[in-house]
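Q: give the three-dimensional model of this entry:
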Amino acid sequence: MRAALTLALLFCLLTPGAAADPRAAFYGTWGTAEQCAGEPIKRGGTVPAEPFEIGDGWLRHGKIWCRLRWFPVETDGDGARSGAQASCGEDAVRPYSLRMVLQGGTLTLKWDIFQSTGPLERCVAG
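A: Now for the predicted structure:
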């Protein structure tokens, strides 16, 4: 009995939890004020702007999904940096390199196609 309790305690102490995931700082819904509010892309239009959603192993922007293979996360006092290999698309998947810079509460996505998206704020529900 005592050995089982000791083993269970060691398992709890040595198993990293979800809160220990350094990528968790990047998870969530990110966008401009217009994207977070779902306002139309063009004035008077009907197509809403979509924020970016990032999770463990995926990124979604509108109807585009990307599978993420994360690189290590570097943190400092004001933020974090990471990157990922992103495989985006449905019928014809295209690979991208993606850098993520989280600083001062804003997120910038830097794509290898010389495209930068941001700064993005975390969207708040409601």
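
Q: when you work out contacts or count neighbours from here on, use the C-alpha atoms and nothing else.
A: Will do.

Q: roughly how far apart are the most centrally placed residue in the chain and residue 44?
A: The residue lying closest to the centre of the chain (CA atoms, centre = their mean) is residue 54, at 3.2 Å. According to CA to CA, to the nearest Å, residue 54 stands 29 Å off from residue 44.

Q: buried stuff in stretch 47-56?
A: By 16 or more other CA atoms under 10 Å, the buried positions in stretch 47-56 come out as 48-54.

Q: secondary structure, pLDDT and distance to residue 113 for these - can I get that in CSV?
A: Listed next are these as CSV, based on DSSP: H, G, I helix; E, B strand; the rest coil; pLDDT from 0 to 100; distance: CA to CA, whole Å:
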residue, secondary structure, pLDDT, distance to residue 113
48, strand, 88, 24
49, coil, 90, 21
50, coil, 94, 20
51, coil, 95, 20
52, strand, 96, 18
53, strand, 97, 20
54, strand, 97, 20
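
Q: got TSV for those, with distance to residue 72 too?
A: Formatted as TSV, the buried residues of stretch 47-56 follow (distance: CA to CA, whole Å):
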residue	distance to residue 72
48	34
49	30
50	27
51	24
52	21
53	20
54	16
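
Q: any stretches of this structure with poor pLDDT?
A: 1-19, 126 (pLDDT under 70).

Q: hmm, 80 instead?
A: Confidence mapping of the chain against pLDDT under 80 gives the ranges 1-20, 90, 125-126.

Q: ranges for the strands of it?
A: Taking DSSP state E to define them, one finds strands in the chain at 28-31, 52-55, 58-61, 64-70, 74-76, 79-88, 94-103, 106-111, 115-122.

Q: relative to residue 100, which of the buried residues of stretch 47-56 is nearest.
A: residue 54 (11.0 Å; CA to CA).
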